[in-house]
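Peer 1: output the structure for:
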Amino acid sequence: MKKISLLFKEISINQIKNSLKEVESVFIVSYSGVSSPNLSTLRQSLRGLNSRLFMVKNSIVRKAFKDAGLDNIIQFIEGPCGLVFIKDESVGVSKLLCDFVRQNQGFKLAGGFLKDRLLKKEDIEALSKLPTKETLRTQVVIAIKSPLTSFVVTLNQILRKFIYCLEQIKQKKEV
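Peer 2: Just a heads-up that it's a prediction; the model follows:
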């Protein structure tokens, strides 16, 4: 029978490995000096973006990343670290994390990866300045809708002018 600590370690490593397979990006954050209620608020905000904050010992994270073939990201693991697993909206999460960094002095971005690309702190900050997927979708819809709306308005004006002309002819014939 295994010790509980070894069993916990194995479960945590497997959970990290499985999460790495399901997500498109992972950010590593340092949270020393951040209060527990603030971290709870951050966790709730991340859930709304289909992401989650996972905290575990650094030795377990290093082992999981080595087993997953992500040796290059281990350089960002230093001090009390947390992993932010992001399923699909990396830009929105990076905006949220950068705002959280501004509000909490002890919270810092360390690095991470987006798909197969290694990200440094500066890359995550640059990512936070991009528009979200929802904003981009809205802009595309507006760009497609604008010419169609103009075309419909133009056709409508032609019909209005025609009806106005017929109305004028009718009024002249009645007099």
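
Peer 1: this structure: strands as residue ranges?
Peer 2: 25-30, 51-55, 81-86, 108-114, 117-120 (DSSP state E).

Peer 1: who does the fourth one pair up with?
Peer 2: Here strand 108-114 is paired, per DSSP bridges, with strand 25-30 (antiparallel), strand 117-120 (antiparallel).

Peer 1: bridge partners for F54, pull those for me.
Peer 2: Once the bridges are assigned, which here means DSSP bridges, F54 pairs with L83.

Peer 1: okay, it: pLDDT?
Peer 2: pLDDT for F54: 90.

Peer 1: contact partners for it?
Peer 2: F54 sits next to Q15, I16, S19, G82, L83, V84, F85 when contact means Cβ atoms under 8 Å, 6 or more residues apart in numbering. Yep, even glycine has a C-beta here, placed from its N, CA and C like the rest.

Peer 1: can I get the strands of the chain in a markdown table with distance to S150?
Peer 2: Formatted as a markdown table, the strands of the chain follow (distance: least, Cβ to Cβ, whole Å):
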| stretch | distance to S150 |
| --- | --- |
| strand 25-30 | 39 |
| strand 51-55 | 40 |
| strand 81-86 | 39 |
| strand 108-114 | 38 |
| strand 117-120 | 40 |
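
Peer 1: the ones you listed: which one's closest to P37?
Peer 2: Counting by Cβ to Cβ, P37 lies closest to strand 51-55 out of the strands of the chain; the figure is 13.9 Å.

Peer 1: could I get stretch 95-111 in CSV with only the CA atoms?
Peer 2: Included here for stretch 95-111 are C-alpha records, laid out as CSV according to Å, rounded to 0.1, in the frame of the first residue of the first chain:
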residue,chain,number,x,y,z
LYS,A,95,-6.6,40.8,-19.7
LEU,A,96,-8.1,39.5,-16.4
LEU,A,97,-4.7,38.5,-15.1
CYS,A,98,-3.0,41.8,-16.0
ASP,A,99,-5.8,43.7,-14.3
PHE,A,100,-5.3,41.4,-11.2
VAL,A,101,-1.6,42.1,-11.3
ARG,A,102,-2.3,45.9,-11.2
GLN,A,103,-4.6,45.4,-8.2
ASN,A,104,-2.5,43.0,-6.2
GLN,A,105,1.2,43.7,-5.6
GLY,A,106,2.2,40.1,-4.7
PHE,A,107,0.6,38.6,-7.8
LYS,A,108,3.0,38.3,-10.8
LEU,A,109,2.9,36.8,-14.2
ALA,A,110,5.9,34.5,-14.8
GLY,A,111,5.3,33.0,-18.2
